[in-house]
Each structure stands twice: as structure tokens, then as C-alpha cells.
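Asker: sharing a model that was predicted from the sequence below.
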Amino acid sequence: MSTIRVGLLLEARYGYFRNIMRGVTRFAKPSKPWVIRNIVPGYEHLRPMVDWRPDGLIAQLHSVQAAESLSALSIPVVNVGGAVHHEEFPKVRVDDHAVGRMAAEYYLELGFQYFGFIGLSEVMYSSAREKGFSDVLESAGFSYSAIRDAAAPSPEAAQATWDSKDEQIETWLRDLPKPCAVFVASDTLCFYIAELCTDAKIPVPEEVALLGVDNDELFCELAFPKLSSIRVSGPEIGFQAAALLEKMMNGTAPPKKPILVPPVGVVTRQSSDIVAIDDPDLSMAIRYIRTHAFEPMSVNDILREIPISRRALEQRFRERLQRSPLAEISRVRMDRAKELLALTNLSMPEVAKQSGFSNAERLSVVFKRKEGIAPSKYRDRFHNSRPK
């Protein structure tokens with residue numbers, strides 16, 4: 001069996017692209033005669049890859065110039081980047097609009113009433129994430145403030161670019177109504193914003209909550225405070241990109257629409273670990289639910305901890321969160337169940353147990369009602385790239 005040369009043009013410094021590499025490897029490992037080589041993406045680095053003469057490429061496209069150079073190679077290329085679009089290359093990546101929706105829904109569930117967005121106006125993924133964020137907020141009756149860079153900085157120039165904008169961003173952060181929930185288009189940008197807040201003595205999350213994207217643990221854990229982030233399924237993106245590339249190398253025409261992988265969920269760390277509600281009893285009830293939702297519990301358990309009537313508790317939940325205490329318990333359990341389904345191979349009874357449902361049957365009933373599909377179907381969205 002002759003070998004097939006598969007080139008990767010992925011920035012391995014970032015967790016998102018390292019996870020894509022893992023997905024590609026898992027696709028190729030069992031029986032594919034693939035020889036895989038990776039180089040740093042970008043027009044100036046293409047010559048070594050061209051000289052290697054790959055049969056196909058999985059690329060993170062940084063610029064239109066790089067895309068046009070790859071087009072001239074006349075080999076199959078799958079784009080897994082979100083910075084620029086090129087009609088010739090099929091795309092496999094995270095559903096950025098869904099990422100933005102998830103960010104807005106997360107902050108609304110925490111009770112925030114003031115919102116902000118920081119992104120890059122000329123970068124496709126940033127614009128799509130802002131659009132999803134905006135759509136949910138507007139449908140809920142809220143507005144938001146935004147700050148956008150005029151052009152996307154290259155990875156090498158990112159620090160210098162953001163240093164030059166510190167004063168502008170600091171003024172914007174200080175002028176936001178407080179407490180404010182700020183959604184940042186990526187973890188790398190969120191890291192710089194957290195740094196800026198620390199230098200400017202803006203308390204995070206008490207005055208400004210921060211949420212990034214990619215759950216890049218290097219950036220999230222090194223930041224002060226540690227960054228909350230939306231987890232995306234890089235391995236699944238890599239697996240699907242590799243599967244598509246194989247079909248294209250065998251002569252199959254690529255799909256006309258991009259293949260979009262939904263985000264997994266929010267990983268909460270210190271930068272957003274706050275309930276932005278000025279009602280102490282309601283705030284305490286929400287924290288109690290977060291802590292105990294995965295155990296057998298009822299509204300009566302909450303009332304034993306908080307000295308108010310059930311009627312008052314129900315009324316405050318509906319006034320501020322537009323849902324009942326029972327609905328909040330179910331929401332927290334559902335979020336945990338979706339995370340376990342996406343990231344583990346646990347059996348359905350074990351998923352139900354660890355997410356607070358009485359049994360797998362109850363999990364299935366609630367899941368179908370909330371998500372419109374069975375838990376097993378939801379798991380299938382993320383199944384391919386996980387090791388068996």
C-alpha cells in the first residue's frame with residue numbers, strides 16, 4: 001500500500017489547533033497509510049510544504065494571499081481556520097454563531113443586565129461570534145457595547161497591536177455600566193483583557209466578568225484570574241476535516257456548505273464565577289443549586305437553606321430569570337449531561353447519575369423535551385474523534 005502525504009498548516013502554539021491535530025491523527029491511525037507533516041501556516045512558510053509535494057492539505061488560512069498560493073498547488077485543501085474565507089476550499093470548523101449564542105445565554109442565566117463584546121472586525125470567526133451574541137441579547141431585550149480592532153493582528157504582532165490599544169480599551173472598560181458581562185472572541189484576546197483589567201485595577205469578575213473561546217488551558221490557567229471559556233471540539237473538527245480530505249483525494253466533490261461542529265459548553269473559572277443579581281436570597285439560591293444540582297434535591301432543600309417562602313422564591317426567580325427554581329435545577333443538570341455526552345464514553349445510566357437525573361429514562365425524557373433529540377443522537381455529534 002503506497003503512502004499518502006498529508007500536510008497540515010496549523011499553528012501548534014494554540015490549543016484549538018493542537019486539538020485539531022489530535023482529531024486528524026485519530027482518523028489516520030487505525031489503517032490509513034498517511035504520512036503527516038505540519039508547518040507553521042502563512043504565505044512565508046509555504047515553500048517547505050510545496051517542496052514536500054503533499055497529496056492533500058488541512059490548513060488554517062491566515063490571509064487571502066496564502067489561500068491563493070494554496071489554490072495554485074491544484075491539490076485538495078480543507079480549511080479549518082476562521083480568519084478568512086476562500087470559495088474554492090471547503091470548510092470544517094466550530095459553529096461560531098452558536099458560540100456567540102452560547103456566550104449570551106450563559107451570561108443571561110447568571111443574571112447579568114449589562115453586556116460587552118471585544119473582537120476583531122475583519123476576522124470572520126469574530127464577526128460570526130458577535131452576531132450570535134447579539135441575536136440572543138436582542139431577542140431577550142438587551143443591548144451591548146462593543147470594541148473591535150480595525151484589522152486582525154498576526155500572531156507575531158498580537159502583543160504589540162494590543163499594547164497600542166490599551167488606553168482605548170481601558171477607557172471603554174471603565175465606562176461600562178457595572179457589573180458587566182464581557183464576551184471576548186478568543187482566549188488569546190481574553191488573556192490580554194484580563195491582564196489589562198489587573199493593571200487598571202478593574203475587579204474581575206466583580207465589576208467585569210470575562211468569557212473567552214477555545215478553552216485553551218495554557219491561556220486560561222495562566223491568566224489572573226483564571227479565564228472562563230467556551231469549550232469547542234477541536235478533535236471532532238480535525239477528524240471530520242481528515243475524513244473530508246480523504247474523500248476529496250479519492251475524487252469526491254466537496255460539500256458546498258461548511259461543516260460546522262457545535263460548541264460543547266462553558267467551562268467556568270474565576271473570571272465569570274459570579275451571580276450578578278443584587279438579591280442576596282436569590283443569589284444564594286442559585287449558588288445552592290449550582291453546588292447541589294447533581295445530588296438528589298428539590299425546591300424544599302433550597303428553602304431549608306434560605307429563610308423565605310416558596311411563593312417568594314418562585315416569584316423572584318420568574319422576575320429576574322424568567323424561569324422557576326425547578327427549571328433552573330433542570331438547566332444545570334442538562335448542561336452537565338451535555339458535557340458528559342460530548343466528552344466521555346460513559347453509559348447513559350452513568351451520565352444520568354453524574355448529572356443528577358434519577359435514571360437514564362428520566363434523562364432521555366427531559367433531554368428530548370429540551371433539545372429535541374435523544375441523548376444518544378446528541379452524543380453522535382461529537383463521537384467520531386473520541387478514542388474508543
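Answerer: Sure, I can see it. These numbers were taken from a predicted model, which means no experiment stands behind them. Numbers count the residues shown, from 1 in each chain.

Asker: can we go C-alpha only for contacts and neighbour counts from here?
Answerer: Fine.

Asker: could you check how far Y288 is from M334?
Answerer: Separation of Y288 from M334 (C-alpha to C-alpha, to the nearest Å): 16 Å.

Asker: neighbour count: the two, which is higher?
Answerer: Set side by side, Y288 and M334 show more neighbours around M334, with 21 against 16, by other C-alpha atoms under 10 Å.

Asker: buried residues in the helix or strand hosting the more buried one?
Answerer: Counting by DSSP states H and E, the secondary-structure element that holds M334 is helix 325-343. By neighbour count, with 16 or more other C-alpha atoms under 10 Å as the criterion, the buried positions of helix 325-343 are 325, 328-330, 332-334, 336-342.

Asker: pLDDT below threshold where in the stretch 1-150 of the chain?
Answerer: 1, 42-45, 150 (pLDDT under 70).

Asker: should've said the stretch 151-300 of the chain
Answerer: 151-165.

Asker: and the strands in it, which stretches?
Answerer: Counting by DSSP state E, counting those that start in this stretch, the segments of the stretch 151-300 of the chain that form strands are 180-184, 208-213, 228-231, 259-261, 265-267.

Asker: wait, which of those is closest to C220?
Answerer: Each of those has some distance to C220 by C-alpha to C-alpha; the shortest is strand 228-231, at 7.0 Å.

Asker: can you name every helix or strand that the closest one contacts?
Answerer: Packed against strand 228-231 by the contact rule (3 or more C-alpha pairs under 8 Å, 6 or more residues apart in numbering; DSSP states H and E) you find strand 208-213, strand 265-267.

Asker: kindly reformat the ones you listed as a markdown table containing distance to V99 and mean neighbour count.
Answerer: Formatted as a markdown table, the entries for the helices and strands packed on strand 228-231 read as follows, by distance: least, C-alpha to C-alpha, whole Å; neighbours: other C-alpha atoms under 10 Å:
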| stretch | distance to V99 | mean neighbour count |
| --- | --- | --- |
| strand 208-213 | 8 | 28 |
| strand 265-267 | 9 | 20 |
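
Asker: can you list the ones you listed in JSON lines and add distance to R316?
Answerer: JSON lines is the format used below for the helices and strands packed on strand 228-231 (distance: least, C-alpha to C-alpha, whole Å):
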{"stretch": "strand 208-213", "distance to R316": "23"}
{"stretch": "strand 265-267", "distance to R316": "25"}
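
Asker: neighbours of P307, how many?
Answerer: P307 has 10 nearby residues by other C-alpha under 10 Å.

Asker: before we move on, what about M248?
Answerer: By other C-alpha under 10 Å, 18 other residues sit near M248.

Asker: wait, isn't it in contact with I75?
Answerer: No - when contacts are counted by C-alpha atoms under 8 Å, M248 is not listed as touching I75 (9.1 Å).

Asker: circling back: quick check: which of the strands of the stretch 151-300 of the chain is nearest to H97?
Answerer: Of all those, it is strand 259-261 that lies closest to H97, at 9.9 Å by C-alpha to C-alpha.

Asker: what's the closest one packed up against?
Answerer: The helices and strands touching strand 259-261, judged by 3+ C-alpha pairs under 8 Å, 6+ apart, are strand 92-94.

Asker: what lies in contact with the strand it packs on?
Answerer: With C-alpha atoms under 8 Å, 6 or more residues apart in numbering as the test, strand 92-94 has contacts from 78-82, 232-234, 237, 240-241, 258-263.

Asker: helices - which of those residues land there?
Answerer: Residues of the contacts of strand 92-94 located in helices (DSSP state H): G234, I237, Q240, A241.

Asker: from those residues, which is closest to L61?
Answerer: Distance from L61 was checked for each of the ones in helices among the contacts of strand 92-94 by C-alpha to C-alpha. The minimum falls on A241, at 14.0 Å.

Asker: what sits against that closest one?
Answerer: The neighbours of A241, taking C-alpha under 8 Å, 6+ apart as the test, are V24, I58, V78, V80, V92.

Asker: mind checking the end-to-end distance for stretch 103-119?
Answerer: Terminal residues of stretch 103-119 lie 14 Å apart, using C-alpha to C-alpha.

Asker: over to stretch 290-306?
Answerer: Its first and final residues considered, stretch 290-306 spans 15 Å by C-alpha to C-alpha.

Asker: mind listing what's buried in that stretch?
Answerer: Across stretch 290-306, burial judged by 16+ other C-alpha under 10 Å covers H292, A293, F294, V299, I302, I306.

Asker: also stretch 241-261?
Answerer: Using 16+ other C-alpha under 10 Å as the test for burial, stretch 241-261 gives A241, A242, L244, L245, E246, M248, M249, P254, P258, I259, L260, V261.

Asker: excluding its backbone neighbours, what's nearest the last one?
Answerer: So the one you mean is V261. Spatial nearest neighbour of V261, chain neighbours left out: V94 (4.6 Å); criterion: C-alpha to C-alpha, 6 or more residues apart in numbering.
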